[in-house]
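Participant: Provided below are the primary sequence and the corresponding predicted coordinates.
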Amino acid sequence: NAGVTQTPKFRVLKTGQSMTLLCAQDMNHEYMYWYRQDPGMGLRLIHYSVGEGTTAKGEVPDGYNVSRLKKQNFLLGLESAAPSQTSVYFCASSAWGGGYTFGSGTRLTVV
Amino acid sequence: AQTVTQSQPEMSVQEAETVTLSCTYDTSESDYYLFWYKQPPSRQMILVIRQEAYKQQNATENRFSVNFQKAAKSFSLKISDSQLGDAAMYFCAYRSHQNTGNQFYFGTGTSLTVIP
């Protein structure tokens, strides 16, 4: 089935550890996004990409880095995880002017 | 960034009844898009309905309809004949027509409980 795939679905990290979240889409979408979802705060944009090789900061980019080396993949990295980064992370993709297709989310806990 | 406000953190409705979820937004633009997304306990985000600002007619999708009041910057979602499967978190979202990044701005969500 076409869509957006996020890996992993769950992860527990210790403070200071690093990790990469992978987002893959097979719809040939130009635009890809990383959001974090926290209770009472909705979804907040971390970083986004408008095409292969491009990235841009969103609303809450601090502590995260991203890369879009291939059009179908958008990676989110945490270099030194902090408890404040405990959250549910969503990847989404879209064509220009289109609605989002979301991945199923990654629940990350930093202890 | 545009601001999207959902002033009802929680709502409940009796099964088969009608419920309306509120959403307001702040923008100086004349052309934009509005969306309602549903997030059930599975965590998957599901598009419920979409409205283009240039269209005066309110969007409808089966039991879901919107009341779009452009001058008031209001975009409420009405769910008719509520079903147990409608229980979820609902997010209102805004997207500018001119925004080159195609970013969506989301409200904080309304948790809907359906009472049998």
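Facilitator: That came through, no problem. Residues are numbered from 1 along each chain as shown, chains lettered A, B, ... in the order given.

Participant: so for stretch A:68-78, what's the average pLDDT?
Facilitator: Mean per-residue pLDDT for stretch A:68-78: 97.

Participant: And it, what's buried?
Facilitator: For stretch A:68-78, a neighbour-count test (16 or more other Cβ atoms under 10 Å in any protein chain shown) marks A:68, A:71-76, A:78 as buried. Yep, even glycine has a C-beta here, placed from its N, CA and C like the rest.

Participant: for stretch B:60-68, same thing?
Facilitator: Under 16+ other Cβ under 10 Å, the buried positions of stretch B:60-68 are B:64-66, B:68.

Participant: from these, which is closest to residue B:2?
Facilitator: residue B:68 (15.8 Å; Cβ to Cβ).

Participant: which element is the closest one on?
Facilitator: Under the criterion of DSSP states H and E, residue B:68 resides in strand B:64-69.

Participant: for that strand, packing partners?
Facilitator: Secondary-structure packing of strand B:64-69 (3 or more Cβ pairs under 8 Å, 6 or more residues apart in numbering or on different chains; DSSP states H and E): strand B:32-39, strand B:46-52, strand B:74-79.

Participant: do the host helix or strand of residue A:12 and chain B meet?
Facilitator: In this assignment (DSSP H and E), residue A:12 forms part of strand A:10-13. No - Strand A:10-13 stays clear of chain B (Cβ under 8 Å from any Cβ of the partner chain), getting no nearer than 11.0 Å.

Participant: Give me the contacts around that strand.
Facilitator: Residues from elsewhere that reach strand A:10-13 (Cβ atoms under 8 Å, 6 or more residues apart in numbering or on different chains): A:19, A:78, A:81, A:106-111.

Participant: let's see 10 Å
Facilitator: In this structure, residues lying in contact with strand A:10-13 by Cβ atoms under 10 Å, 6 or more residues apart in numbering or on different chains are A:17, A:19, A:21, A:78, A:80-83, A:85-86, A:89, A:105-111.

Participant: buried sites along the helix or strand just after it?
Facilitator: Next helix or strand after strand A:10-13 toward the C-terminus (DSSP H and E): strand A:19-25. By neighbour count on 16+ other Cβ under 10 Å, the buried set for strand A:19-25 is A:19, A:21, A:23-25.

Participant: again with stretch B:7-18
Facilitator: Applying 16+ other Cβ under 10 Å to stretch B:7-18 flags B:8, B:11, B:13 as buried.

Participant: Grab the nearest non-local neighbour of residue B:115.
Facilitator: Once flanking residues are discounted, residue B:115 sits nearest to residue B:14: 5.1 Å by Cβ to Cβ, 6 or more residues apart in numbering or on different chains.
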